[in-house]
Structures are given as structure tokens and as C-alpha cells.
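J.: pasting the structure only:
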């Protein structure tokens, strides 16, 4: 089983929130150096827009910068999935439904 860690994103994400989310992920990766997968639960996000897409892209970069971790989104809305597909990130970030492992 691949070691994983979890990050939960809720509410409406703004561009001002992005640095804090990245710092939270960096701290999580520091505490969990064995994590190969970061499960980012976005089921509680209330608004899918380009600010959220930017946050996801930057979180993916933070995870990949470690050379060992990748970002996986849990419970993304259909709107978020469509936005990620539109900007070309659907193939970069794994999208999992509520029942998927």
C-alpha cells in the first residue's frame, strides 16, 4: 500500500488563500516524509473557479517538487473536473470520486 497523507480544502478558495494552502502542504510533507500520495479532499469546496484551479496547480507543484509525492483530488465536483479538463490539468492531477481508493 502506498503511504499517503491528507489535506482538506473547504469553503471558497481565493487567490489570497493559495500561499497558505501551499505552506500547509509543505508542513504536511515535512511531517510525513514517507507520503507518496497527497489526498486532497475538495468535497467541501463551495465554488469551483480559476482561483481554485490555481490553488490545485500550485499544490500539485509543491507535491511534485519533493520528487516523491503526487496530488490526488478526492470528491471533486463536476464543475471542478470540467475546469481542470479545460485548462489541461485533468491528466496531471488524479480525480477520485467518493467511493474510490
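T.: Yep, it's here. As the structure is a computational prediction, the values presented were derived from the model and not from experiment.
J.: which residues does the residue nearest to the spatial centre of the chain contact?
T.: By CA atoms, centre = their mean, the chain has its centre lying nearest to residue 40, at 4.3 Å. Going by CB atoms under 8 Å, 6 or more residues apart in numbering, residue 40 touches 6, 7, 8, 9, 56, 59, 71, 72, 73, 74. For every residue, glycine as well, the C-beta is placed using N, CA and C.
J.: what about it, is that helix, strand or coil?
T.: Under the three-state scheme (DSSP: H, G, I helix; E, B strand; the rest coil), residue 40 adopts strand.
J.: hey, what's it bridged with?
T.: Beta-bridge pairing of residue 40 under DSSP bridges involves residue 7, residue 73.
J.: what does the one 4 residues further on give?
T.: On DSSP bridges, the residues paired with residue 44 through beta bridges are residue 10.
J.: which residues are in contact with the lowest-mean-pLDDT helix or strand in the chain?
T.: Within the chain, confidence by mean pLDDT, DSSP states H and E is lowest for strand 94-96 among all helices and strands, at a mean of 78. Identification of contacts with strand 94-96 by CB under 8 Å, 6+ apart yields 39, 70, 71, 72, 73, 74, 75, 76, 81, 84.
J.: Swap in 10 Å and give it another go.
T.: 37, 39-42, 70-76, 80-81, 84-85, 89, 100 (CB atoms under 10 Å, 6 or more residues apart in numbering).
J.: which among those end up buried?
T.: 37, 39-42, 70-76, 80, 84, 89 (16 or more other CB atoms under 10 Å).
J.: The helix or strand where residue 27 lies - contacts with which helices or strands?
T.: Element membership for residue 27 (DSSP states H and E) is helix 18-31. Where contact means 3 or more CB pairs under 10 Å, 6 or more residues apart in numbering; DSSP states H and E, helix 18-31 is packed against strand 4-11, strand 37-45, helix 50-65.
J.: That one to strand 4-11, inter-axis angle?
T.: Per axes from the mean of the first three to the mean of the last three CA atoms, to 10 degrees, the angle that helix 18-31 makes with strand 4-11 is 160 degrees.
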